[in-house]
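Asks: Predicted model follows, preceded by the sequence.
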Amino acid sequence: MSHQFVDQILRLFDETAERVGLDLRVREVLRNSKRILEFGIPIVRDDGSVSVFHGYRVQHNDVLGPYKGGIRFSPSVDMYEVQGLAMLMTWKTSLLRLPFGGAKGGIAVDPSALSERELEQLARGYVDAAYPVIGPEKDIPAPDLGTNPQIMAWMMDQFSRLNGYATPAAFTGKPVALGGVKARLVSTGYGGSVLLRAFMNGGMNGVRVAVQGFGNVGSNAAKYLSRFGANVVAISDATGGIYAPDGIAIEEELEYQRGESRKNFSESPASLTERSDRSGNIAIVTNEELLELDVDVLVPAAIEDVITSENAGRVKAKIVLELANAPTTAEADAILANRGIAVLPDVLANAGGVVGSYFEWVQNLERLAWQEKQFLERLEKGMEGALADVLDAAERYDTDLRRASYAVALERLNDAVIARGFM
Ligand code: NAD
């Protein structure tokens, strides 16, 4: 990723700052990150050699509360990517009225190229390096692209060892056995699904959906959207995808993916017959083709910059639900807007993750457990409330949903920064 990613976010920030009349002093504060950390993490490989991986933690702004943001393990991670994503977190927590600031972290690594032992060492090494600046009252990381509850468990354990006592509230997205919450593990996909349902005024029956990415976010979105009556016709992973015009049997697919015989989508020929038995006619598609399928809703739920000026003109969906962070470039965004395609932007659409993390953190701090029903109802309320705020701002400022989301977030941050005195 390049500085263009940060520039793109700053351009939108500047434009919104003008729109909402953001105090000039507040602009200066929010254009910059409060702390940027880069570190080398050495691990001993299984063959005895040593590799050093580059880790990052960017704490963008904590005016609203302790920093919050995921840690991603991905080959593309660099300072710019993490900085841009940390800014998005500040807007997101403000938009959702959460008492958190914005941060993000990552390691430049392909986690699938490491053994489990190497991965554990890397996760623990990250915590050793970031320890002085993270913790339940300072900065609470969570899973993101390429990380999962097991990695959060190793990190929480390492933090607790350094801290001298068990500190579950230091990380969210943990396994249930360690104070994690089952509903947090589905909260990004669930939050996006209830948001879309509210945006479509509940009318989801038969709506055709293509989902790019079948990890934590994409698979849960596919699950809940199909439970809400939508017809998920395409799904994919990093290797490619499958398209079933009559709809994919998502629950069975999830079961299959959990099984020993699971195959990547690109290896589907071997499993096509099995899948066809469940879902009817199935074709293999590339990730590029998936974006251009004849569907009502497109859900990018994998990586950034997949909808570009090159392919935006060929997107057939009428709604894009951005569950990945930054899947649409600025140029593509303008093309989609011109074509009348509604984009539910990342800062709103995938905010279910940080809302769920907030609920997990609160339960860990209070040392009590909510009922799952209560968790999901509160999450749904939070997403619907944010949507109402964004639709209201879109009308007030006569703008699209991304700009309206930024406007709501910045209006709140403006008051908070001024009240605290430009720290
Ligand atoms: P994950 O690692 O669980 O899953 C990622 C999925 O994307 C996998 O299916 C992977 O195979 C696929 N993928 C990877 N590279 C790809 C490529 N080049 N093309 C197509 N597919 C590819 O990650 P996740 O937690 O589901 O995160 C996905 C996105 O959602 C990221 O942008 C992340 O920042 C965002 N997000 C995640 C959360 C969360 O709670 N996990 C919250 C908010 C936003």
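Replies: Ah, there it is. None of the values given here were measured: they were computed from a predicted structure.
Asks: May I ask you to confirm that V209 is in contact with K223?
Replies: No. Contact status for V209 versus K223: not in contact, 11.6 Å apart, counting by CB atoms under 8 Å. In this view, the C-beta of every residue, glycine as well, is placed from N, C-alpha and C.
Asks: Could you check which of the two has the larger neighbour count?
Replies: Higher neighbour count among V209 and K223: V209, with 28 against 19, using other CB atoms under 10 Å.
Asks: any idea how far the more buried one is from the ligand?
Replies: Counting by CB to the nearest ligand atom, to the nearest Å, the separation of V209 from the ligand is 16 Å.
Asks: quick one: contacts for that residue?
Replies: Residues near V209 by CB atoms under 8 Å, 6 or more residues apart in numbering: 222, 225, 230-234, 295-299.
Asks: could I get those residues as TSV with secondary structure, distance to E120 and pLDDT?
Replies: What follows is the contacts of V209, written out as TSV (DSSP: H, G, I helix; E, B strand; the rest coil; distance: CB to CB, whole Å; pLDDT from 0 to 100):
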residue	secondary structure	distance to E120	pLDDT
A222	helix	30	97
L225	helix	34	98
A230	coil	38	97
N231	strand	40	97
V232	strand	34	97
V233	strand	38	96
A234	strand	35	96
V295	coil	40	98
D296	coil	42	98
V297	strand	38	98
L298	strand	36	98
V299	strand	32	98
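Asks: Of those residues, which is the most crowded?
Replies: Of the contacts of V209, V299 is surrounded by the most neighbours, 34 neighbours in total, counting by other CB under 10 Å.
Asks: Go ahead and confirm L293 touches Y243.
Replies: Yes. L293 is within contact range of Y243, at 6.3 Å (criterion: CB under 8 Å).
Asks: quick one: common contacting residues for these two?
Replies: 210, 233-234, 285.
Asks: and the closest residue to V58 other than its chain neighbours, helix, strand or coil?
Replies: Using CB to CB, 6 or more residues apart in numbering and skipping the chain neighbours, the partner closest in space to V58 is A86 (4.1 Å). Using DSSP: H, G, I helix; E, B strand; the rest coil, the structure places A86 in helix.
Asks: Contact partners for A302?
Replies: Shown here is A302, whose contacts under the criterion CB under 8 Å, 6+ apart are 145, 212-213, 215, 218, 236-238, 287, 324, 327.
Asks: on that earlier part again, farthest pair within the shared contacts of L293 and Y243?
Replies: The widest separation within these, taken as CB to CB, falls between V233 and V285 and amounts to 10.2 Å.
Asks: Touching both of these two, which residues are there?
Replies: Common neighbours of V233 and V285 are listed as 243, 293 (criterion: CB under 8 Å, 6+ apart).
Asks: for the ligand, what are the nearby residues on the stretch 201-350 of the chain?
Replies: For the stretch 201-350 of the chain, the residues in contact with the ligand (CB under 6 Å from any ligand atom) are 212-218, 236-238, 287, 301-303, 323-325, 350.
Asks: if you set the cut-off to 8 Å instead, what comes out?
Replies: With CB under 8 Å from any ligand atom as the criterion, the stretch 201-350 of the chain comes near the ligand at residues 212-219, 236-239, 264, 287, 301-304, 306, 323-327, 346, 350.
Asks: what about V355, distance to I250?
Replies: 23 Å (CB to CB, to the nearest Å).
Asks: next one: P300
Replies: Taking CB to CB as the measure, P300 and I250 are separated by 18 Å.
Asks: Count residues in the vicinity of V390, would you?
Replies: If you count neighbours by other CB under 10 Å, V390 ends up with 27.
Asks: What residue in the chain comes nearest to the ligand?
Replies: Evaluated by CB to the nearest ligand atom, the chain has G215 as its residue closest to the ligand, separated by 1.7 Å.
Asks: re earlier: give me the more crowded residue out of P300 and I250.
Replies: Just comparing P300 and I250: by other CB under 10 Å the higher neighbour count belongs to P300, 29 against 24.
Asks: pLDDT wise, what is the more buried one at?
Replies: What the model reports as pLDDT for P300 is 98.
Asks: of all the contacts of V209, which two lie farthest apart?
Replies: Spatially, the most separated pair among the contacts of V209 is A222 and D296, at 14.5 Å (CB to CB).
Asks: Just send the contacts of A302 back as JSON lines, with pLDDT, neighbour count and secondary structure too.
Replies: Output for the contacts of A302, formatted as JSON lines (pLDDT from 0 to 100; neighbours: other CB atoms under 10 Å; DSSP: H, G, I helix; E, B strand; the rest coil):
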{"residue": "L145", "pLDDT": "95", "neighbour count": "23", "secondary structure": "coil"}
{"residue": "Q212", "pLDDT": "98", "neighbour count": "25", "secondary structure": "strand"}
{"residue": "G213", "pLDDT": "96", "neighbour count": "27", "secondary structure": "coil"}
{"residue": "G215", "pLDDT": "93", "neighbour count": "18", "secondary structure": "coil"}
{"residue": "G218", "pLDDT": "97", "neighbour count": "24", "secondary structure": "helix"}
{"residue": "S236", "pLDDT": "94", "neighbour count": "27", "secondary structure": "strand"}
{"residue": "D237", "pLDDT": "92", "neighbour count": "19", "secondary structure": "strand"}
{"residue": "A238", "pLDDT": "92", "neighbour count": "15", "secondary structure": "coil"}
{"residue": "N287", "pLDDT": "97", "neighbour count": "20", "secondary structure": "helix"}
{"residue": "A324", "pLDDT": "97", "neighbour count": "25", "secondary structure": "coil"}
{"residue": "P327", "pLDDT": "97", "neighbour count": "29", "secondary structure": "coil"}
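Asks: Looking at those residues, which is nearest M204?
Replies: Using CB to CB, G218 comes nearest to M204 of the contacts of A302, at 17.3 Å.
Asks: ok, that closest one touching A210?
Replies: No. Counting by CB under 8 Å, G218 stays clear of A210, with 10.4 Å between them.
Asks: check contacts around A326.
Replies: Residues near A326 by CB under 8 Å, 6+ apart: 5, 8, 84-85, 88, 304-305, 346.
Asks: ok but it is inside a strand, no?
Replies: No. The assignment for A326 is coil, going by three-state DSSP, so no strand is present there.
Asks: Tell me the pLDDT of it.
Replies: Among the per-residue scores, A326 shows a pLDDT of 94.
Asks: Give me the common contacts of G218 and A210.
Replies: 235, 299.
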